[in-house]
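S.K.: curious how this folds, go ahead:
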Amino acid sequence: MTGETQAPPGERPARLRLFVACDLPPEAERTVKDWQRRELGGHDDLRLMPAVHLTLAFLGSVDAQRVPDLEQVLRGIPWGRAECSFAKPLFLPARGKRRVVALALDDPSGTLRKLQAEVSDALADAGLYEPEKRPWLPHVTVARFRRPGHPFSLQNVNIGAFGVVRMVLYSSHLERAGAAHTPLADFPAS
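M.R.: Numbering: from 1, shown residues only. Modelled structure (predicted):
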């Protein structure tokens, strides 16, 4: 199930599969794409993620009529540029067979963690989100295993610190090749 119901052409579906994320700046995204091709491209058991972003809250299937409410809540969250850098590559989940290859993000000022908590709390208070029980891990998913797999050796991403300045409400439509993400609203850092 994709979380979207079929709608006539040109009309928005009754339900949308939504998430809130921070986009990486273009230079960091290019560096990650190069790293993906170099480090992960030869692994047939992996599907590289075409879009790389930092997910703050996965909302799941939401009534499309609630999108203006989501936009209003997110617009009301003041936030500033978040300085971060890539830490080591991760294989998730931490125990058992791995399903995801990710790049951890180092958030020395705690700005990303604060933003994620504020997004989570504001959306939950508005009845638009049920926060996850597990602690939030700042990371960028770069690949998914086609079948659960095992960790292997990876080099770190070679880029200095960068600033995250754009939060986006995305719609995600599941397709055979993977999820296609459409930005619905943009919330720049102030």
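S.K.: select the longest helix from this protein.
M.R.: Among the elements of type helix in the chain, defined by DSSP state H, the one spanning the most residues is helix 111-125.
S.K.: ok, the helix or strand just after it: who's next to it in the sheet?
M.R.: As assigned by DSSP states H and E, the chain's next helix or strand after helix 111-125 is strand 139-149. Partners of strand 139-149 in the sheet, by DSSP bridges, are strand 46-48 (antiparallel), strand 98-106 (antiparallel).
S.K.: ranking those strands by burial, who's on top?
M.R.: Among those, the stretch with the highest mean neighbour count (mean count of other CB atoms under 10 Å) is strand 98-106, at a mean of 19. From N, CA and C alone the C-beta is placed, and that goes for glycine too.
S.K.: ok now the host helix or strand of residue 56, how far from the chain's centre?
M.R.: Taking DSSP H and E as the definition, residue 56 sits inside strand 53-63. Distance, stretch centre to chain centre, for strand 53-63: 8 Å (CA atoms, centre = their mean, to the nearest Å).
S.K.: elements contacting it?
M.R.: Based on contacts counted as 3 or more CB pairs under 8 Å, 6 or more residues apart in numbering; DSSP states H and E, the elements that strand 53-63 packs against are strand 15-23, helix 111-125, strand 139-149, strand 166-175.
S.K.: which of those is buried the deepest?
M.R.: Per residue and on average, the most neighbours among the helices and strands packed on strand 53-63 fall to strand 15-23, with a mean of 23 (mean count of other CB under 10 Å).
S.K.: average pLDDT across it?
M.R.: When pLDDT is averaged along strand 15-23, the result is 96.
S.K.: by contact count, what packs against it?
M.R.: Using 3+ CB pairs under 8 Å, 6+ apart as the contact criterion, the elements in contact with strand 15-23 are strand 53-63, helix 67-75, helix 111-125, strand 166-175.
S.K.: in CSV: the ones you listed, plus distance to residue 84 and mean pLDDT.
M.R.: Below are these laid out as CSV (distance: least, CB to CB, whole Å; pLDDT from 0 to 100):
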stretch, distance to residue 84, mean pLDDT
strand 53-63, 8, 96
helix 67-75, 20, 97
helix 111-125, 6, 97
strand 166-175, 13, 91
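S.K.: dump these to TSV, plus distance to residue 39.
M.R.: As requested, the helices and strands packed on strand 15-23 are exported to TSV (distance: least, CB to CB, whole Å):
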stretch	distance to residue 39
strand 53-63	19
helix 67-75	33
helix 111-125	24
strand 166-175	25
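S.K.: of all these, which one is nearest residue 81?
M.R.: Evaluated over the helices and strands packed on strand 15-23, closeness to residue 81 peaks at helix 111-125, with 7.6 Å, by CB to CB.
S.K.: run through who's touching that closest one.
M.R.: Helix 111-125 is contacted by residues 20, 22, 54, 56-57, 59, 70, 73-74, 76-77, 79-84, 105, 107, 129-131, 136, 138, 164, 167 when judged by CB atoms under 8 Å, 6 or more residues apart in numbering.
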